[in-house]
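Colleague: Let me see the structure of the following:
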Amino acid sequence: MRDVAAAAGVDVSTVSKVLSGAAISVRAETRARIEQAAAELRYRPDASARSLRLSRTGAIGMLVPDFTNAVWSGIVRSAVHEAEAQGRVVLIAEMDPDQSPAGYLHLVHERRIDGLLVATARDQSSLVAELEHDSVPHVFVNRRGGERSLSVLVDDEAGAVAGTRALIEAGHTRIGLIGGPPDIDTSRRRFDGFERTRTAAGLPDPVVTSGPYSAPGGYRAAQELLAAPGPRPTAVLAANLMMALGALAAFAEAGVGVPGDMSMVAYDDAELAGFTQPAMTTVAMPHQEMGSIAVRLLERVLAGEPAESIVVPTPPRLIERDSIAPPRAS
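Modeller: Presented below is the predicted three-dimensional model:
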């Protein structure tokens, strides 16, 4: 800035005000001389000094549980696009739900990032307590946090209701559930939607298994479902798309045809659902809206404005493909 001031023949404070866009009365030719000197010298503002002055870095962090889960790509993409519209960048990291967020909290305290979008947490993990104890600006995405944490959710229960109803309407009465980890609140909400719909229809007690939200988790949970005592289900709701992919493999390995022997619906939708064999019927949730809404909510937190947790109002949508058929007569 001193070099620009010397080249333009003005003092440093004038350069600072002109280049920062501050309100200042200065002659047009003086302003043009400063701007030309800055361009010729390739002057760039000191971002670290500016962030200290404004208490804003222009960056936020986003912690996701699994980069391999295709559903997260839509959530992350919409968050990134919204952040760009807000003049921010998003630093994205994969973090196990049981991992301590100490490194990311350190980035906030050192003013390298302004706040966090947190998409990974178990009920008893230290993450929630550490975020609240350290007063780190944050918003949970697709998860609930603690009593003092804000969150952005989709209506998981309604999504599970839509998937279960699709199987009931196809004529199935023995419907199983391949659920997610029971210590994650999204899993419980999806179970509640499934159970409420099954009970209202007067169906018998289901076979319920659970596992991680992953293809291996779905594979093992499907094996447990097939090995469970009693009549085998003729249909199953999988708690997310990756689990459904693993379950497809387990059913094929066991000689259980889909949809002839076992109809399937997966909670969540992504492009790859149309390329499985058979193409998977899914429940599409408004995940992209969730990512952008989460960024806007975090902006309110950072601005110190009143804010509340949000459930995205867009309802679930059944995407009918080829994995449902009527049950075979027994």
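Colleague: I'd like to know how many residues surround residue 265.
Modeller: 28 (other CB atoms under 10 Å). To be clear about C-beta, it is placed using only N, CA and C from the backbone, and glycine gets the same treatment.
Colleague: just checking, it touches residue 238?
Modeller: Yes. Using CB atoms under 8 Å, residue 265 is in contact with residue 238, at 7.2 Å.
Colleague: what sits up against stretch 63-77?
Modeller: 62, 90, 92-97, 101, 104, 116-120, 141-142, 213-214, 240-242, 268-272, 287-288, 290-291 (CB atoms under 8 Å, 6 or more residues apart in numbering).
Colleague: same thing with stretch 176-192?
Modeller: With CB under 8 Å, 6+ apart, stretch 176-192 has contacts from 97, 121-124, 142-144, 153, 156-157, 159-160, 194, 206-213, 217-218, 221-222, 225, 233, 235-240, 243-244, 247, 267.
Colleague: Give me the helix or strand of this protein that scores worst on average pLDDT.
Modeller: Least confident helix or strand of the chain, by mean pLDDT, DSSP states H and E, is helix 47-54 with a mean of 47.
Colleague: okay, whatever helix or strand comes next after it in PDB with CA atoms only?
Modeller: Using DSSP states H and E, the next helix or strand after helix 47-54 towards the C-terminus is strand 59-64. The C-alpha coordinates for strand 59-64 follow below in PDB (Å, rounded to 0.1, in the frame of the first residue of the first chain):
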ATOM      1  CA  ALA A  59     -14.400 -19.200   4.800                       C
ATOM      2  CA  ILE A  60     -16.600 -21.800   6.600                       C
ATOM      3  CA  GLY A  61     -15.900 -25.500   7.300                       C
ATOM      4  CA  MET A  62     -18.100 -28.400   6.400                       C
ATOM      5  CA  LEU A  63     -17.700 -31.800   8.100                       C
ATOM      6  CA  VAL A  64     -19.300 -34.800   6.300                       C
END
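Colleague: So that it lines up with my notes, have the first residue be 51 from now on.
Modeller: Fine by me, first position is 51 from now on; the one you just mentioned is strand 109-114.
Colleague: out of the contacts of stretch 113-127, which are buried?
Modeller: Among the contacts of stretch 113-127, those buried by neighbour count (16 or more other CB atoms under 10 Å) are 112, 140, 142, 145, 147, 151, 154, 166-170, 191-192, 263-264, 290-292, 318-320, 337-338, 340-341.
Colleague: Sitting in helices, which of those do you find?
Modeller: If you go by DSSP state H, the buried ones among the contacts of stretch 113-127 have 154, 291, 292, 337, 338, 340, 341 in helices.
Colleague: Do you have the helices of the stretch 101-250 of the chain handy? List them.
Modeller: 120-135, 152-159, 176-183, 206-219, 235-250 (DSSP state H, counting those that start in this stretch).
Colleague: Could you look over the ones you listed and pick the most buried one?
Modeller: For these, average neighbour numbers computed from mean count of other CB atoms under 10 Å are highest in helix 206-219, which has a mean of 22.
Colleague: now for that helix, which elements pack on it?
Modeller: strand 225-229, helix 235-250, strand 285-288, strand 313-317, strand 332-334, strand 367-369 (3 or more CB pairs under 8 Å, 6 or more residues apart in numbering; DSSP states H and E).
Colleague: I'd like the ones you listed laid out as JSON lines, including mean pLDDT and distance to residue 219.
Modeller: Output for the helices and strands packed on helix 206-219, formatted as JSON lines (pLDDT from 0 to 100; distance: least, CB to CB, whole Å):
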{"stretch": "strand 225-229", "mean pLDDT": "98", "distance to residue 219": "11"}
{"stretch": "helix 235-250", "mean pLDDT": "95", "distance to residue 219": "11"}
{"stretch": "strand 285-288", "mean pLDDT": "98", "distance to residue 219": "11"}
{"stretch": "strand 313-317", "mean pLDDT": "98", "distance to residue 219": "11"}
{"stretch": "strand 332-334", "mean pLDDT": "97", "distance to residue 219": "14"}
{"stretch": "strand 367-369", "mean pLDDT": "97", "distance to residue 219": "10"}
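Colleague: All set, thanks.
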